[in-house]
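K.L.:
sequence and computational prediction follow.
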Amino acid sequence: MISIKSRLEIEKMRLAGKITGMALVEASKHIRPGISTAQLDKIVHDYIVRQGAVPSFLHYNGYPASICASVNDAVVHGIPSRDIILKEGDIISIDVGAYINGYHGDAARTYPVGKISDEAARLIAVTKESFFRGIKYAVHGGKLGDVSAAVQEYVEKNGYSVVRDLVGHGIGRNMHEDPSVPNFGHAGKGVKLVSGMTLAVEPMVNAGEYDVCVLDDDWTVVTEDGSLSAHYENTIVITRDKPEILTLYDEV
């Protein structure tokens, strides 16, 4: 069942979204060669707690950390570790959520570590832009397939592939709510979008094929062909005009 949020609920989600977005800003200040993903996890965890919120991911379905830290060919759900040390030329996707006053925010970014290749930089840029191409259609009266199709079209036009096995989702009182939000599909199809719907739209884009597999830790999803992957996500609210982005604080 899809939850339509009231004005009060959306106001609460704005706070959760702000803390989530600012947690990514905090993480980005520390991304450099030589830092471990466990150190980044602690930085983000401590920031969220200082804001009076709870890290949404910590212990969620048994997940052991406050962020997902996915390096290079890791698509999502990479578990932070003291043994994973970032190197010059890596890319890292950080996914984070914050829970406060009964509501969640959820967002992700892919960052360069030092100087990266032109191809890696292009992958990050296309992934980010695909999000914005998609949410142009995230308005009251539209169809969810309009968003999905716009993401897929832009990604594939640029020679990349969208992951099929993982999708975005509704969000609110629960981290994952209906509906599922694929990054592929057909315009004019799917759920009708209504003002007050809150969605986590999150293109996951591979430089190679879209096939993925899960590592032995039962969490980390990697590209099957070893190609690089990037991730860009924000929590949005559907309105009658353009969608409101609740977690975008690193670009304003």
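P.N.:
That came through fine.
K.L.:
residues touching the nearest residue to I135 once chain neighbours are set aside, list them.
P.N.:
Excluding its sequence neighbours, the residue lying closest to I135 (CB to CB, 6 or more residues apart in numbering) is P243, at 5.2 Å. No exception for glycine: its C-beta is placed from N, CA and C like everyone else's. Contact analysis of P243 by CB atoms under 8 Å, 6 or more residues apart in numbering lists I135, A138, V139, I236, V237.
K.L.:
pick the one among those closest to D83.
P.N.:
Proximity of these to D83 (CB to CB) peaks at I236, which lies at 35.5 Å.
K.L.:
sec struct for that closest one, please.
P.N.:
Taken by DSSP: H, G, I helix; E, B strand; the rest coil, the conformation at I236 corresponds to strand.
K.L.:
what residues are up against it?
P.N.:
I135, A138, T198, L199, A200, V201, P243, E244, I245, L246.
K.L.:
and the residue nearest to it when sequence neighbours are not counted, how far is that from R133?
P.N.:
By the measure of CB to CB, 6+ apart, the closest residue to I236 outside its immediate chain neighbours is P243, 4.4 Å from it. When CB to CB, to the nearest Å is applied, the distance between P243 and R133 equals 13 Å.
K.L.:
and for R50?
P.N.:
Plainly put, R50 is 35 Å away from R133 if you go by CB to CB.
K.L.:
could you do L248 as well?
P.N.:
15 Å.
K.L.:
so between these two, which is more surrounded?
P.N.:
Between L248 and R133, counted using other CB atoms under 10 Å, R133 has the larger neighbour count: 20 against 16.
K.L.:
I'd say that one and S148 touch.
P.N.:
No - using CB atoms under 8 Å, R133 makes no contact with S148, being 11.1 Å away.
K.L.:
where does this protein dip in pLDDT?
P.N.:
Within the chain, the ranges that satisfy pLDDT under 70 run 252.
K.L.:
what's the following helix or strand after the top helix by length along it?
P.N.:
For the chain, the longest helix by residue count, based on DSSP state H, is helix 7-28. Moving toward the C-terminus from helix 7-28, the next helix or strand (DSSP states H and E) is helix 37-50.
K.L.:
and the helix or strand just after that following helix, which strands flank it?
P.N.:
Following helix 37-50 in sequence order, the next helix or strand is strand 54-55 (DSSP H and E). Sheet pairing for strand 54-55, assigned by DSSP bridges, gives strand 91-100 (antiparallel).
K.L.:
would you pull up how far the strand it pairs with lies from the middle of the chain?
P.N.:
Chain-centre distance of strand 91-100: 7 Å, with CA atoms, centre = their mean, to the nearest Å.
K.L.:
skip ahead from it and say which helix or strand is next.
P.N.:
Next along the chain after strand 91-100, taking DSSP H and E as the criterion, comes strand 103-112.
K.L.:
just the angle between the helix or strand following that next one and strand 103-112, please?
P.N.:
Of the helices and strands lying after strand 103-112 in sequence (DSSP H and E), the nearest is helix 118-135. Relative orientation of helix 118-135 versus strand 103-112 (axes from the mean of the first three to the mean of the last three CA atoms, to 10 degrees): 150 degrees.
K.L.:
which positions in helix 118-135 come out as buried?
P.N.:
120, 122-124, 126-135 (16 or more other CB atoms under 10 Å).
K.L.:
with just CA atoms, put that helix into CSV.
P.N.:
Output of helix 118-135 as CSV, limited to C-alpha atoms (Å, rounded to 0.1, in the frame of the first residue of the first chain):
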residue,chain,number,x,y,z
ASP,A,118,38.2,10.5,-17.3
GLU,A,119,36.0,7.5,-17.8
ALA,A,120,35.3,7.1,-14.1
ALA,A,121,34.4,10.8,-13.9
ARG,A,122,32.1,10.5,-16.8
LEU,A,123,30.3,7.5,-15.3
ILE,A,124,29.7,9.5,-12.1
ALA,A,125,28.4,12.5,-14.1
VAL,A,126,26.1,10.4,-16.2
THR,A,127,24.7,8.6,-13.2
LYS,A,128,23.9,11.9,-11.4
GLU,A,129,22.4,13.5,-14.5
SER,A,130,20.2,10.4,-15.0
PHE,A,131,18.5,11.1,-11.7
PHE,A,132,17.6,14.6,-12.7
ARG,A,133,16.5,13.5,-16.1
GLY,A,134,14.2,11.0,-14.4
ILE,A,135,12.6,13.3,-11.8
